[in-house]
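Novice: Quick check, what structure comes out for this input:
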Amino acid sequence: MKKVIISACLLGEYCRYDGKTKRVNAIVDAYKEYEIIPFCPEAPLFGTPRERISLLASEGKIKVMTEETKQDVTALLEDEIMAFCEKHKKVDAIVLKSKSPSCGNQTTPILDENGNVLEFGDGMATRIFKKKYTQTPFYDETDLE
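Specialist: Below you'll find the model as predicted:
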């Protein structure tokens, strides 16, 4: 059976920072013949609801920072995502939540030290997934709505 990684919030799980979901029925329907692997690296680490995180360009690197308490959670998130990849070495498709600091695909705001948007890029998980799953097609919910 083919396998697909899908952002858990798109599947209807209440795992977003605000405790809500972003279920997209078209995605669930499009992949009903697949083994669906729900993915949310933030919820197991930080709980739901939780403080928002953002991508911050600093010193030539992109860090993941909590918005209110200004904690650098980059390494925590990287470790969680890498552990997920180790469990799921081969998948046939990936559908991630647009604009998410974890899952956005060229839609995630990357901020400067003052909170201004410098550019739009990939979320932390998307960057790692693109290195791990080089032959796998990527989508976000806007491609399938």
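Novice: Now the phi/psi pair for Thr136, please.
Specialist: phi -100, psi 130 (degrees, to the nearest 10).
Novice: Could you give the bridge partners of the residue nearest to Glu113 when sequence neighbours are not counted?
Specialist: Excluding the flanking residues, the one nearest Glu113 by CB to CB, 6 or more residues apart in numbering is Ser58, at 6.5 Å. C-beta coordinates here come from the backbone N, C-alpha and C atoms, glycine included. Counting by DSSP bridges, Ser58 forms beta bridges with Lys61.
Novice: And the pLDDT for Ser58?
Specialist: On pLDDT, Ser58 comes in at 87.
Novice: Next: Asp143.
Specialist: 85.
Novice: show me what contacts it?
Specialist: For Asp143, the contact set (CB atoms under 8 Å, 6 or more residues apart in numbering) comprises Val95.
Novice: Assumed Ile36 was part of a strand.
Specialist: Yes - judged by DSSP: H, G, I helix; E, B strand; the rest coil, Ile36 forms part of a strand.
Novice: I'd say it and Leu11 touch.
Specialist: Yes - with contact defined as CB atoms under 8 Å, Ile36 and Leu11 form a contacting pair (6.9 Å).
Novice: any residues in contact with both of those two?
Specialist: In contact with both Ile36 and Leu11: Val28, using CB under 8 Å, 6+ apart.
Novice: of those two, who's got more company?
Specialist: Neighbours per residue (other CB atoms under 10 Å) separate Ile36 from Leu11, with Leu11 holding more: 21 against 16.
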